[in-house]
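Student: Give me coordinates for this.
(6 chains)
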There are 6 protein chains.
Amino acid sequence: MSEKGKPVKIGILKMGCIASLPLLEFILDERADRGDIEVRVFGVGAKLFPEPYGAELAEKALKEDCDLYIVISPNATLPGPTKAREAIKEKGKPVIVISDAPTKKIVGDLEAKGFGYIIVLADAMIGARREFLDPDEMSLYNSDIIKVLTISGAFRILYTEIDKVIDQLKKGETLELPKIVINKEKAVEAANFKNPYAKAKAMAAHEIACKVAELTVEGCFKVKERERYIPIVAAAHEMMRIAAKLADEAREIEKSNDTLVRMPHSPEGVVLYKEKLMEKPGPRG
Amino acid sequence: MSEKGKPVKIGILKMGCIASLPLLEFILDERADRGDIEVRVFGVGAKLFPEPYGAELAEKALKEDCDLYIVISPNATLPGPTKAREAIKEKGKPVIVISDAPTKKIVGDLEAKGFGYIIVLADAMIGARREFLDPDEMSLYNSDIIKVLTISGAFRILYTEIDKVIDQLKKGETLELPKIVINKEKAVEAANFKNPYAKAKAMAAHEIACKVAELTVEGCFKVKERERYIPIVAAAHEMMRIAAKLADEAREIEKSNDTLVRMPHSPEGVVLYKEKLMEKPGPRG
Amino acid sequence: MSEKGKPVKIGILKMGCIASLPLLEFILDERADRGDIEVRVFGVGAKLFPEPYGAELAEKALKEDCDLYIVISPNATLPGPTKAREAIKEKGKPVIVISDAPTKKIVGDLEAKGFGYIIVLADAMIGARREFLDPDEMSLYNSDIIKVLTISGAFRILYTEIDKVIDQLKKGETLELPKIVINKEKAVEAANFKNPYAKAKAMAAHEIACKVAELTVEGCFKVKERERYIPIVAAAHEMMRIAAKLADEAREIEKSNDTLVRMPHSPEGVVLYKEKLMEKPGPRG
Amino acid sequence: MSEKGKPVKIGILKMGCIASLPLLEFILDERADRGDIEVRVFGVGAKLFPEPYGAELAEKALKEDCDLYIVISPNATLPGPTKAREAIKEKGKPVIVISDAPTKKIVGDLEAKGFGYIIVLADAMIGARREFLDPDEMSLYNSDIIKVLTISGAFRILYTEIDKVIDQLKKGETLELPKIVINKEKAVEAANFKNPYAKAKAMAAHEIACKVAELTVEGCFKVKERERYIPIVAAAHEMMRIAAKLADEAREIEKSNDTLVRMPHSPEGVVLYKEKLMEKPGPRG
Amino acid sequence: MSEKGKPVKIGILKMGCIASLPLLEFILDERADRGDIEVRVFGVGAKLFPEPYGAELAEKALKEDCDLYIVISPNATLPGPTKAREAIKEKGKPVIVISDAPTKKIVGDLEAKGFGYIIVLADAMIGARREFLDPDEMSLYNSDIIKVLTISGAFRILYTEIDKVIDQLKKGETLELPKIVINKEKAVEAANFKNPYAKAKAMAAHEIACKVAELTVEGCFKVKERERYIPIVAAAHEMMRIAAKLADEAREIEKSNDTLVRMPHSPEGVVLYKEKLMEKPGPRG
Amino acid sequence: MSEKGKPVKIGILKMGCIASLPLLEFILDERADRGDIEVRVFGVGAKLFPEPYGAELAEKALKEDCDLYIVISPNATLPGPTKAREAIKEKGKPVIVISDAPTKKIVGDLEAKGFGYIIVLADAMIGARREFLDPDEMSLYNSDIIKVLTISGAFRILYTEIDKVIDQLKKGETLELPKIVINKEKAVEAANFKNPYAKAKAMAAHEIACKVAELTVEGCFKVKERERYIPIVAAAHEMMRIAAKLADEAREIEKSNDTLVRMPHSPEGVVLYKEKLMEKPGPRG
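Tutor: Take a look at the predicted model:
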């Protein structure tokens, strides 16, 4: 509950797709039993570029009078997401921007304007060529990258950082919005591996994911010949597929040692902690 | 474009989470280049039970004056999703319900009331026990089941069926809303495997996914002792993880033969078809 | 040795094939060094339905004057196995019935008549369609299901339960024949996993094996069209193949921790116990 | 049916265990629908050494007046199996000996005495040390070696060779009993691989299986120190486990090309042939 | 034979280690049956930096009066390899430099001075930290990267390009030394995949290998804290290990289709060509 | 440093190729930071048979006045390597012969003449048939066998034994040259596995590698028909490929327990020891 005795209300604006986006509201309340928050989601589907999308979403979202807004999209430098966050900020509401690597270049600007931000460098662009990317290929790519981002710790940063702000809202504290660029070291730190080889594998998976974007950008924007760009974008997705397998190896190691750290939310929204599968989660020691 | 020269506008109402839900808007427009549709998404996050959620979402969605509404949620028999679809239907708008196995028992009712429906039997309930399900476990489960549903053909049914209705809207035809319960045979038929062993593997993966729900229901609702329900829900997720691997085997076979069928959308929203990786997609022969 | 100073003599009647059948006599005496039992096996090969098979086998087996009889077959409700066990029971000899899921429906009857029984729910029917099942496919299916039943603990229940009766016979105690339906929880309990994820994987493998029967029954008896039943029975065997892999993962985890429980027989027929590979087995603590 | 209008009756005498033994009667009639044969099995369980076992089994089996006898055991040079086959031969009945590598040294003798024989070189001795071999390890070893022997073609030789004799019996022809030592080349020839790499993998698996016996013999008979023989027999089983995986790779290749040869029995006992999964089996062209 | 009727004599100077180095002389004469070349190798082991190493090697190598010299080392900009190649060039002998990515920056200089060069971008620096890199880790890394470079086509470029120069020497033609920077596209082109997904996987493996160097450089030179650099170099090697697995997947696809291109040398040094395993190699059509 | 205050100088003569050969100088100085040795390498490429190769290499190597010579080649009974070692021995220099299984038959002779020797039984001959072995297949075979020899411990014996002699040279002690035939037990002992199943897997991999030679010798020298020898040599390489996978399983187990023993050289050439990844190496306790 917020200090006002009501759940903290969070408005999530979704524009286009990155892998951190589809499950965002659910990593905040994974068992739907959390009483301290209410979430409202507004989306415009796959398209995100034009400014009016941002304006429209912001307008709708503002009507909800949320305590916290999150604008999540690929490339937050584009007109659509820019308009969305600024329109909300204008109304004095706190905004966290979640986006991918291209957003890194406006980090200074975001900071200057008082936005929170979480940049997920490994949330690599998809291989969006029509000869290659159909809905199935799209969802499989997301399946793989979700696995990498989860196991390597990026998703854990996402929810624990947002939870910190929720907690501040509940306590009526001054907000300190997150200002984080998630790289390989921060990610695996958050993932809390107990076995150092599991950590190394997860870091390797995370790093491969980061590099996928070089191939997808090359294949989608730089190379024009079909016989060249198809293998390039296909190679990019093979990289993500194998990165997911490597991430899975990391998790399996922790499972084999019964040291897999789980950090579920309590119904009150506290992030709990546990290592052994058969034990109860409790406050982190 | 619809007959009125405008894009068909689709309103998607998301309540709670099933695996068909997080990527739904993106499988309709996988490369964000489709000019014939506009999508608006409204969600209430993980929670879905109470009727007011449905009422609220329906009200917001109706303001958009969409041409087609989709209400997607687990267990559509619950008050929340029921209210949502009925409130929209009341206004004379076409509604497609997308949900999971428990919804099967109201199929007759849905049909009688003129709803379209797509029931994804393999979209099995998650193992929602606090000792087990943290945000990471939740997203990994979704990663696995998304893989199974995609490769086994369920997602292809989702988008091709919705596309049929969009096409009817564009042509101003009388709407024939989908009335489909996706089972193992329908799924793999849609997946269009060229190798019969790939088909068998995909069907097996689909079937395992269906059975996961028996364990999660048992572990979440029937068994009360912690030392018993933790292994049961953990076993359920291990089933889904191995089903995803088996589905992947199916897809790798098609890749090894260069017969993997891809069905991307054209910018005009036509579902194209191709088999060989290096060829262009075209109209299905 | 039995109380009479002679080895306990066990007569095994084999009718048809389930996966618990081919190795049954060998799991009782895995290194052929057990001095306290003698085993005689009588079989009629693959066929088992008609009553005369049962009569013939019973007659032969009774000539041996065994101390204990085991009748093992698929579907013990059929005339053949029914005749076999009843003919032996009639002579006042103790009989344990070992069979698969369809036998569950006569459990009350078996109990009423004083039979012991062990029902192995995961011992799923094979995909017996001529287009699919040749001798190779048959033996590979058995290879896979044997792996699942062994690792998940079902076989351990088989031999420890029979060993209890042998022990009672050796001590001249009143016999308490086993009355057990092996399900996923009982199986993994017997398997004695030290790592909870290994246990979950084994339980998952066991559960998949149970569900195989739904597809084989559908493919063999319910679906008549060749183009439909071939994929269904092929899918069933793919399920068992992947279940075997999952079971193997479970065992590999225990190996990686050097906690794999082994329970060999001593030459005197005592079931010993050990965990570390390099240690000697001893009495269970 | 035999020439006399009755099914050919086959008596199988099982003494001890090799991997070719547990499923032998079932590879002759894999779907239990074969009308042209009757099989009777007699076994003495795991032990096989002493001559009286052989005498007893032979006596029982001869009472059945079978048309053909098969004596299967490890090391057919031992007194038990020797007595069994000779007692039957004495009565003028045709006998096929099926056994493993140690039997190779009496092949001349078997031939001189008119026995048929099939020696399965890859049917390697198990690692029978008490610290290692419990019933589970025993059945898992059999699971693995059954996979190797099946996929590499050895089991196909077993049943096709026995079927030839059955056919001669049905036609009243002079019997030509098999005289075969199954080595890697004969095995994969029978397996009928269409892809040469699948063939190479199967041959490699078969060869590894052959070599397992060197370690088990060393670990069971030559090395006396526990700290040395445990790793050796454990290594032997690891070899078989990985050989099974390699054999599986071979089969998966044929599946990926839909060229997996299946050779099911017809109800009349004819060995049929098919390659494509969806086609009907027919006479081999 | 060279035009002078003698074998072409090739002097290989090895300084330090990259993955292209250890097997270089053997990929030129893989079965030791090539009559048209003689190879002499001179090495200084792992160390390569100081100029005197280069001077010494060049002096020894020049005594042999070879027709062609190859100087292979990591980072050819260092004093050692620089001295080696220049001392040889000074004597008017043709020199091909083979090296890794850091050499790319002197390509213009190499060209200006008339050196041939082959730069293998994916031949990534090893994770040379004492806490991590022992001899075993070193050889395993080389095992993995050799697999990646071979399957992805890089090694095929190495030998076919050197063979072209040998051929020119044999024919007395003007030498055209190779000037190649092997990147992902050139590599897989040379590898000659018949299946496009195999090609994509190989390209992905090659790309991951390229990126390994970013982590090893970071871990070896930029990060100073042990607790940070150990995971980083360990992650780098995990990347290479998984890249090798992915490359293996590519090769297995070609094997499954029996389209694996082999290009063995004839005894006369001609590079032959074949696709089907069972066929003879012949001149490339 | 040697007693004379100079680094110990080691001359390595390489003739032909075995898997222990390509990386030999680098396992002595894996990070190129060892100040106590200097290595010079002399090679004649793939060919090794004729005596003059040995004479030439010995002459060149002797000019360097090394403190220790190593002659490494396949089959050291051939004229080339024989000449090489004897010419050096003649000058009173210590020589260690490193070679493969065929050399075992001259071990008595080597010992009598005062040579040190390390025979690597698992360093199996390659499948050198032109239809099969091109440069790619050659390097992949080496990749696999290097993995087996490293993980199973053979390479660790190589460097620790040579290091002992270097140490004797540094201390001016009487030299005791190694006299070792590396078999499965010695190898895994050196590898120092902490988990007994990892040890068993490594031993199994080592044993499979040993057996590969039987197939390559058969395929290269005994079988003359192309349609027979191609599958045989291909099977041999499949054996090595799967042995490498099995060895990798062994190493992954040690990684999962963070007990992987690393034994890096210190800059002073001392073989250090460590088990936990994050700890520093130190003197072996």
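
Student: Close to chain C: what parts of chain A are there?
Tutor: By the rule C-beta under 8 Å from any C-beta of the partner chain, the part of chain A lying against chain C is A:255, A:256, A:257, A:258, A:260, A:276, A:277, A:278. Heads up, the C-betas are built off the backbone N, CA and C, glycines and all.

Student: Would you confirm that the second one contacts residue C:258?
Tutor: No: the pair residue A:256 / residue C:258 is not scored as a contact, 11.7 Å apart, by C-beta atoms under 8 Å.

Student: quick one, which of the two is more surrounded?
Tutor: Neighbour comparison, residue A:256 and residue C:258: the larger count goes to residue A:256, with 25 against 19 (by other C-beta atoms under 10 Å in any protein chain shown).

Student: Excluding sequence neighbours, find me the nearest residue to that one.
Tutor: In space, not counting the residues next to it along the chain, residue A:256 is nearest to residue C:253; the distance is 4.7 Å by C-beta to C-beta, 6 or more residues apart in numbering or on different chains.

Student: pretty sure that neighbour is in a helix, no?
Tutor: Yes: note on residue C:253: a helix contains this position according to DSSP: H, G, I helix; E, B strand; the rest coil.

Student: In contact with residue A:126, which residues?
Tutor: Contact analysis of residue A:126 by C-beta atoms under 8 Å, 6 or more residues apart in numbering or on different chains lists A:17, A:133, A:138, A:141, A:142, A:216.

Student: count of residues packed around the nearest residue to residue A:261 once chain neighbours are set aside?
Tutor: On the basis of C-beta to C-beta, 6+ apart, the spatially nearest residue to residue A:261 that is not a chain neighbour turns out to be residue A:192, at 4.3 Å. Other residues within reach of residue A:192 by the criterion other C-beta under 10 Å amount to 18.

Student: Next one: residue A:192 from chain E, what distance?
Tutor: In this structure, residue A:192 lies at 13 Å from chain E, with C-beta to the nearest C-beta, to the nearest Å as the measure.

Student: check contacts around that residue.
Tutor: Applying C-beta under 8 Å, 6+ apart to residue A:192 gives the contacts A:153, A:156, A:261.

Student: one more time with 10 Å
Tutor: For residue A:192, the set of contacting residues under the criterion of C-beta atoms under 10 Å, 6 or more residues apart in numbering or on different chains consists of A:153, A:156, A:199, A:254, A:259, A:260, A:261, A:262, A:263, A:273, A:275, A:284.

Student: Test my guess that residue A:283 contacts residue A:270.
Tutor: Yes: shown here, residue A:283 and residue A:270 form a contact pair, counting by C-beta atoms under 10 Å, at 7.1 Å.

Student: So for those two, which sits in the more crowded spot?
Tutor: Taking residue A:283 and residue A:270 together and counting by other C-beta under 10 Å, residue A:270 has the greater number of neighbours (17 against 9).

Student: show me what contacts that one?
Tutor: Taking C-beta under 10 Å, 6+ apart as the criterion, residue A:270 is in contact with A:34, A:36, A:163, A:167, A:264, A:281, A:282, A:283, A:284.

Student: CSV please, covering the residues you listed and showing secondary structure.
Tutor: Formatted as CSV, the entries for the contacts of residue A:270 read as follows, by three-state DSSP:
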residue, secondary structure
A:34, coil
A:36, coil
A:163, helix
A:167, helix
A:264, coil
A:281, coil
A:282, strand
A:283, coil
A:284, coil
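
Student: Just want the angle from the helix or strand residue A:250 falls within to helix E:226-256.
Tutor: Using DSSP states H and E, residue A:250 sits within helix A:226-256. Between the axis of helix A:226-256 and that of helix E:226-256 there is an angle of 120 degrees, by axes from the mean of the first three to the mean of the last three C-alpha atoms, to 10 degrees.

Student: quick one: buried residues of helix A:226-256?
Tutor: Using 16 or more other C-beta atoms under 10 Å in any protein chain shown as the burial criterion, the residues of helix A:226-256 that qualify are A:229-256.

Student: now swap in stretch A:84-101 and tell me
Tutor: The neighbour-count criterion (16+ other C-beta under 10 Å) identifies A:84-89, A:93-101 as the buried residues of stretch A:84-101.

Student: Return the closest of the residues you listed with respect to chain C.
Tutor: Distance to chain C, by C-beta to the nearest C-beta, is smallest for residue A:98 among these, at 31.6 Å.

Student: Got the phi and psi for that closest one?
Tutor: Residue A:98 adopts backbone torsions of phi -120, psi 130, taken as degrees, to the nearest 10.

Student: Now do the residue nearest to it when sequence neighbours are not counted against residue A:41, distance only.
Tutor: In space, and not counting its chain neighbours, residue A:98 is closest to residue A:72: 4.2 Å by C-beta to C-beta, 6+ apart. Summarising the geometry, the distance separating residue A:72 from residue A:41, computed by C-beta to C-beta, to the nearest Å, is 10 Å.

Student: which one of those two has more residues nearby?
Tutor: Comparing residue A:72 with residue A:41 by other C-beta under 10 Å, the one with more neighbours is residue A:72, at 28 against 21.

Student: picking that back up, nearest to chain E among the contacts of residue A:270?
Tutor: Proximity of the contacts of residue A:270 to chain E was ranked by C-beta to the nearest C-beta; the top entry is residue A:284 with 21.0 Å.

Student: That closest one: what's it in contact with?
Tutor: In this structure, residue A:284 makes contact with A:192, A:261, A:263, A:270, A:271, A:272, A:273, A:274, judged by C-beta under 10 Å, 6+ apart.

Student: one more time with 8 Å, if that's ok
Tutor: A:263, A:271, A:272, A:273.

Student: what about the strands in the stretch 151-285 of chain A?
Tutor: A:179-182 (DSSP state E, counting those that start in this stretch).

Student: returning to that earlier point: in helices only, show me the contacts of residue A:284.
Tutor: Secondary-structure check on the contacts of residue A:284 using DSSP state H: no residue lies within helices.

Student: any idea which of those is the one closest to chain E?
Tutor: Distances from those to chain E were compared by C-beta to the nearest C-beta; the smallest belongs to residue A:263, at 20.9 Å.

Student: Report how many residues lie close to that closest one.
Tutor: 20.

Student: That one and residue A:23: what is the separation?
Tutor: For residue A:263, the distance to residue A:23 under the criterion C-beta to C-beta works out to 16 Å.

Student: Please apply the same query to residue A:241.
Tutor: When distance is defined by C-beta to C-beta, residue A:241 is 19 Å away from residue A:23.

Student: before we move on, the earlier item: quick one: the contacts of residue A:192 as JSON lines, columns for distance to residue D:29 and pLDDT too.
Tutor: What follows is the contacts of residue A:192, written out as JSON lines (distance: C-beta to C-beta, whole Å; pLDDT from 0 to 100):
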{"residue": "A:153", "distance to residue D:29": "57", "pLDDT": "98"}
{"residue": "A:156", "distance to residue D:29": "57", "pLDDT": "98"}
{"residue": "A:199", "distance to residue D:29": "55", "pLDDT": "98"}
{"residue": "A:254", "distance to residue D:29": "48", "pLDDT": "98"}
{"residue": "A:259", "distance to residue D:29": "51", "pLDDT": "98"}
{"residue": "A:260", "distance to residue D:29": "48", "pLDDT": "98"}
{"residue": "A:261", "distance to residue D:29": "54", "pLDDT": "98"}
{"residue": "A:262", "distance to residue D:29": "52", "pLDDT": "98"}
{"residue": "A:263", "distance to residue D:29": "57", "pLDDT": "98"}
{"residue": "A:273", "distance to residue D:29": "59", "pLDDT": "98"}
{"residue": "A:275", "distance to residue D:29": "53", "pLDDT": "98"}
{"residue": "A:284", "distance to residue D:29": "62", "pLDDT": "87"}
